[in-house]
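**Student:** please work out how this folds:
(2 chains)
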Amino acid sequence: MTAVLTNLFDGIAYGMLLFVLACGLAVTLGLMNFVNLAHGAFAMAGGYVCAVLVNQIGWPFFAGLPLAFVSAAAIGIVLERLLYRHLYARSHLDQVLFSIGLVFMSVAGVDYIMGSQRIFINLPSVLEGQFDVYGVGIGRYRLMIVVICGLLTAALQLVLARTRFGSRLRAAVDDPRVASGLGINVPQVFAFTFAFGCGLAGLGGALSAEVLGLDPYFPLKFMIYFLIVVTVGGSSSITGPFLASLLLGIGDVAGKYYVPRMGPFVIYTLMIVILIWRPNGLFGRQAAR
Amino acid sequence: MTAQQDVGYHARRHGRWHVGEIVFWLLALACAFLFPSRYLVMTDIVRLALFAMSIDLILGYAGIVSLGHAAFFGVGAYSAGLMALHGLVTEPLLALILAGCAAMLLGFATSFLVIRGVDLTRLMVTLGIAMLLEALAESFSNITGGTDGLQGIEMQPILGVFSFDMFGRTGFVYSLIVLFVLFLLARRIVHSPFGLSLRAIKNNPLRAAAIGIPVNRRLIAIYTVAAFYAGIAGALFTQTTALASLDVFAFERSADLLLVLIIGGTGYLYGGLIGAVVFSLLEEVFKSITAEYWQFWIGLVLVVIVMVGRARLHRWVLFLPNLLIAQVAGRKSAVALPEGEGQ
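**Tutor:** Predicted structure coming up:
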């Protein structure tokens, strides 16, 4: 019983991490309808920045995390202004080709600069080990992930639902033409949102070095997971992707633990079945435009 | 002339063999004699060309974007490998067709999933199927050999006469003949009324349905045919290299394939063939610059192609040949611009 609960907790932590990694994609892919397969590259960038700062320069881990966010967001905004914004109106095929190209470049580039082996980030001793709550083993690091990601999710929900920027974004996504007619600077809103999503991915990448493993192939290995979160979760709200990532996290951990041979098989089958059953995602309301 | 006759006249005129096409195939045949030391590389190119032609059938003619075409390649490769390894079907040509049929079955079964939903769902489903098969092949390592792949495949002589030699000469000629035969078939398909209806679907599915084309049935048919082609390409891979490993399902294979087709241009069948030659040359050049990191340059090529725009790029590339032809033959634009660009 306690093993089940420990697995459940690990699954939740994993799912929350996936959500932070993928929620930027939920905006670009789900709301702006841009097929960005290179989302993992931003996560990897954040992870590597954090690793270099902590391991080689000796910054404390908690100072490295915000920097991971900032650097990934900076890369995101530069690429958005230079490249991505020209492709919003293009066909899906062009977007796929472009973002695959970016993935290949990032994989080979990071491999060239940092080497191909998996890297670890030196953690403060506070985060090591685990403690028992009524016999359920809870990893400190995973608890931290749950706390950080939970806070982020709540903050995101508040920003989207309650603030002026949130309503601008929703308006821009619903109908860009009408939104710009109302005086909303749509490209700016998109650029900012894109950068913020990349930043979140970078933060997620830094957090995931310990859990998912960080190596140059990160964008390729986890691409399908990010896509699953967004397509299965649907794009009408932030809750959909959140629930989908929790499901995916719990399912994946349980699958690896109980049916190690069939683990990934189960995930992919479920994804295909759900997409066939509800092409707009489990929690989606309408067709993505 | 009535409209129907008019359409038939133009369709037949498009279907006729051009001089350029005959020259192309003569050149391909000449390669067998011109570069006797490069048979293995050329076999690679022929196989890639066949694979690219397969995705051209669904992307260029029916407009289905697939990220998981390697699934069929892999099924063909493993079926051919298993048949040869366990001595089920030892004659390579027969095994080739059976492997193609295995992939075709999978294609038929999955086509029902693919025709549902919009672009994004299609992308995800095709990608998911390829990943799923890779995961399956990895977990059933007692059958597939897991990460080591199938080892110790020995190929019997083709038709009992032509045995595979060390230099790959037989392999190359065999692959080239298979490519040519399948090309003829594909050419017949795309110039038939069936092929024309596919183009109508690609341009506007709603309109196509309105004039009485059974959209879903046509898509299922072409997807199945394309799966057969990809399966044959995979089986050729196993037969000519005597190996099949997990990377036949890899995402990179599907992604590279899209690049091959985009380089050559979609929707005129030769795109895949030309793209395969250019891609292999590029790969060679990049590997000579930086052996380990050649993927960086491949990625850069993809980004540049998209940023410049595919249609514009093809205009640039075809500018010189067309100018030459116009000067020499006094005709306009003998090298056709691929159709359906920039949409």
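
**Student:** and the closest residue to B:Ala130 other than its chain neighbours, which of the three is it?
**Tutor:** Distance criterion Cβ to Cβ, 6 or more residues apart in numbering or on different chains; nearest residue to B:Ala130, sequence neighbours excluded, is B:Gly68 at 3.2 Å. (Each C-beta comes from the backbone N, C-alpha and C, glycine too.) Secondary structure, DSSP: H, G, I helix; E, B strand; the rest coil: B:Gly68 is coil.

**Student:** and B:Gly68, what does it touch?
**Tutor:** B:125-131, B:251, B:254 (Cβ atoms under 8 Å, 6 or more residues apart in numbering or on different chains).

**Student:** and those residues, which two are the farthest apart?
**Tutor:** B:Val125 and B:Phe251 (14.3 Å; Cβ to Cβ).

**Student:** neighbour-wise, which of these two wins?
**Tutor:** Between B:Val125 and B:Phe251, counting by other Cβ atoms under 10 Å in any protein chain shown, B:Val125 is the more crowded of the two (25 against 22).

**Student:** quick check: phi and psi on the more buried one?
**Tutor:** Main-chain torsions, B:Val125, degrees, to the nearest 10: phi -70, psi -40.

**Student:** next up, the contacts around it.
**Tutor:** So B:Val125 contacts A:272, A:275-276, B:68, B:110, B:113-114, B:117 (Cβ under 8 Å, 6+ apart).

**Student:** just the buried ones from those residues?
**Tutor:** Buried members of the contacts of B:Val125, counted by 16 or more other Cβ atoms under 10 Å in any protein chain shown: A:272, A:275, B:68, B:110, B:113-114, B:117.

**Student:** tell me the one of the residues you listed nearest B:Arg188?
**Tutor:** B:Val114 (24.0 Å).

**Student:** I'd say the closest one and B:Leu127 touch.
**Tutor:** No: using Cβ atoms under 8 Å as the test, B:Val114 is too far from B:Leu127 to be in contact (11.1 Å).

**Student:** list the buried residues of the helix or strand of chain B with the lowest mean pLDDT.
**Tutor:** Lowest mean confidence among the helices and strands of chain B (mean pLDDT, DSSP states H and E): helix B:310-329, at a mean of 73. By neighbour count on 16+ other Cβ under 10 Å, the buried set for helix B:310-329 is B:310, B:313-314, B:318, B:322, B:325.

**Student:** closest one to A:Asn280 out of the residues you listed, please.
**Tutor:** Nearest to A:Asn280 among the buried residues of helix B:310-329, with distances taken as Cβ to Cβ, is B:Arg310, at 29.5 Å.

**Student:** surely the closest one and B:Leu261 touch.
**Tutor:** No: counting by Cβ under 8 Å, B:Arg310 stays clear of B:Leu261, with 10.5 Å between them.

**Student:** what's the distance between B:Gly253 and chain A?
**Tutor:** Slight slip there: residue B:253 is Arg, not Gly. According to Cβ to the nearest Cβ, to the nearest Å, B:Arg253 and chain A sit 12 Å apart.

**Student:** quick one, what contacts that residue?
**Tutor:** B:Arg253 sits next to B:70, B:73, B:247 when contact means Cβ under 8 Å, 6+ apart.

**Student:** out of those residues, which is most surrounded?
**Tutor:** With neighbours taken as other Cβ under 10 Å, the top of the contacts of B:Arg253 is B:Phe73, carrying 33 neighbours.

**Student:** ok, and the closest non-adjacent residue to it?
**Tutor:** Per Cβ to Cβ, 6+ apart, closest to B:Phe73 is B:Gly234, 3.9 Å.

**Student:** and the one you found, how many residues sit next to it?
**Tutor:** Neighbours of B:Gly234 (other Cβ under 10 Å): 35.

**Student:** strands of the chain, start to end?
**Tutor:** I went with chain A, as the question did not name one. Under the criterion DSSP state E, chain A carries strands at the ranges A:130-133, A:136-139.

**Student:** of those, which stretch is the most buried?
**Tutor:** strand A:136-139 (a mean of 18; mean count of other Cβ atoms under 10 Å in any protein chain shown).

**Student:** strand partners (parallel or antiparallel) of that one?
**Tutor:** Here strand A:136-139 has these sheet partners by DSSP bridges: strand A:130-133 (antiparallel).

**Student:** thinking again about what came up before, adding distance to chain A, write the buried residues of helix B:310-329 out as CSV.
**Tutor:** Formatted as CSV, these follow (distance: Cβ to the nearest Cβ, whole Å):
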residue, distance to chain A
B:Arg310, 8
B:Leu313, 12
B:His314, 14
B:Leu318, 20
B:Asn322, 25
B:Ile325, 29
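
**Student:** okay if I get the strands of chain A as JSON lines plus mean pLDDT?
**Tutor:** Formatted as JSON lines, these follow (pLDDT from 0 to 100):
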{"stretch": "strand A:130-133", "mean pLDDT": "76"}
{"stretch": "strand A:136-139", "mean pLDDT": "79"}
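
**Student:** for the residue lying closest to B:Met155 once chain neighbours are set aside, give me its contacts.
**Tutor:** Leaving out its chain neighbours, the residue that sits closest to B:Met155 by Cβ to Cβ, 6+ apart is B:Phe164, at 5.0 Å. By Cβ under 8 Å, 6+ apart, the contact set of B:Phe164 is B:155, B:157-158, B:170-171, B:239-240, B:242.

**Student:** buried subset of the residues you listed, written for ChimeraX?
**Tutor:** Buried subset of these, written as a ChimeraX selection, criterion 16+ other Cβ under 10 Å:
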select /B:155,158,170,171,239,240,242
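
**Student:** tell me the pLDDT of residue 223.
**Tutor:** Defaulting to chain A. For A:Met223, the pLDDT comes out at 89.

**Student:** that's the other chain; I wanted chain B
**Tutor:** 95.

**Student:** ok, the one 10 residues further on next?
**Tutor:** B:Ala233 carries a pLDDT score of 95 in this model.

**Student:** ok, A:Ser235 next?
**Tutor:** For A:Ser235, the model assigns a pLDDT of 69.

**Student:** around chain A, pick out the residues from the stretch 151-300 of chain B.
**Tutor:** Residues of the stretch 151-300 of chain B lying close to chain A (Cβ under 8 Å from any Cβ of the partner chain) are B:251-252, B:255, B:258-259, B:262, B:290, B:292-296, B:298-300.
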